[in-house]
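> only geometry, no sequence info:
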Ligand code: NAP
């Protein structure tokens, strides 16, 4: 396989799907690992540059088996994640454990499995969230994404002598099946609170991921790039 391989978890939907398309256009052969297969009709334009593996990031053996198809993996992008709106008092320990298992340990497992296959110059991109800086009614999600940022920084330090860069992209509110699962009135309200009154397009997030996954992007590691139209800047201006 002449093209370098990029392995994308959660690549069957939303931000992950847009990332797969973008990385295939950027010259990678893209391995998709998602608990679902890619919906038929999607990725038709790059089908010759994409391989799909059904694998759950909670299942280390399944992730390892998917990676075993590739002697070398140049880039790993950890997009797989879940979201659950729930008031603090209503979050059960089971809810919290599941959130961490997918959103945080899912990243940890994929990175541990990829390392033996990732040469110097490799790139790891995690997907955290603007929510890592705070949010109401999803504290377990906020905690999981703050954890992803901490893990990203720790891995960047530990892998820097191997010249493997590790960075995170923190999207703001983005138009994907995850957010479209919200009741329509809540989606509208959330959208109206974004700069410009619109959700991000998944391609906007994929562009930032592709920049950090590119071998030409050197000397950036341990960073979190907020892609949210500037909402995380806060401030008192209108
Ligand atoms: P999405 O459309 O639901 O896509 C996520 C994909 O990951 C889905 O195919 C999902 O499958 C899959 N997945 C979930 N759990 C998995 C597991 N255990 N193993 C393997 N695959 C799994 O969501 P998205 O909006 O594109 O979100 C992608 C990432 O961006 C997530 O980490 C999310 O937290 C983050 N993010 C999203 C937003 C936003 O506004 N959309 C904002 C900030 C951060 P199912 O459909 O079966 O769950």
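Received, thanks. Computed from a predicted structure; not experimentally measured.

> near the ligand, which residues of this protein?
Contact residues, the chain versus the ligand (Cβ under 6 Å from any ligand atom): 9-10, 12-16, 34-36, 56-58, 79-83, 102, 106, 127, 129, 171, 173-174, 176-179. Any C-beta I mention is one placed from the backbone N, CA and C, and that applies to glycine too.

> All the helices of this protein, in order from the start?
14-25, 60-67, 93-103, 105-114, 139-159, 177-180, 184-192, 202-213 (DSSP state H).

> Can you tell me which of those helices is most buried?
Most buried of the helices of the chain by mean neighbour count (mean count of other Cβ atoms under 10 Å) is helix 14-25; its value is a mean of 24.

> Pipe the helices of the chain into CSV and attach mean pLDDT per row.
Formatted as CSV, the helices of the chain follow (pLDDT from 0 to 100):
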stretch, mean pLDDT
helix 14-25, 98
helix 60-67, 98
helix 93-103, 98
helix 105-114, 99
helix 139-159, 98
helix 177-180, 98
helix 184-192, 96
helix 202-213, 98
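
> now these in a markdown table, with distance to residue 166?
Putting the helices of the chain into a markdown table (distance: least, Cβ to Cβ, whole Å) gives the following:
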| stretch | distance to residue 166 |
| --- | --- |
| helix 14-25 | 16 |
| helix 60-67 | 17 |
| helix 93-103 | 16 |
| helix 105-114 | 8 |
| helix 139-159 | 4 |
| helix 177-180 | 24 |
| helix 184-192 | 30 |
| helix 202-213 | 9 |
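
> These: which one's closest to residue 74?
When those are compared by Cβ to Cβ, helix 202-213 sits nearest residue 74, at 8.5 Å.
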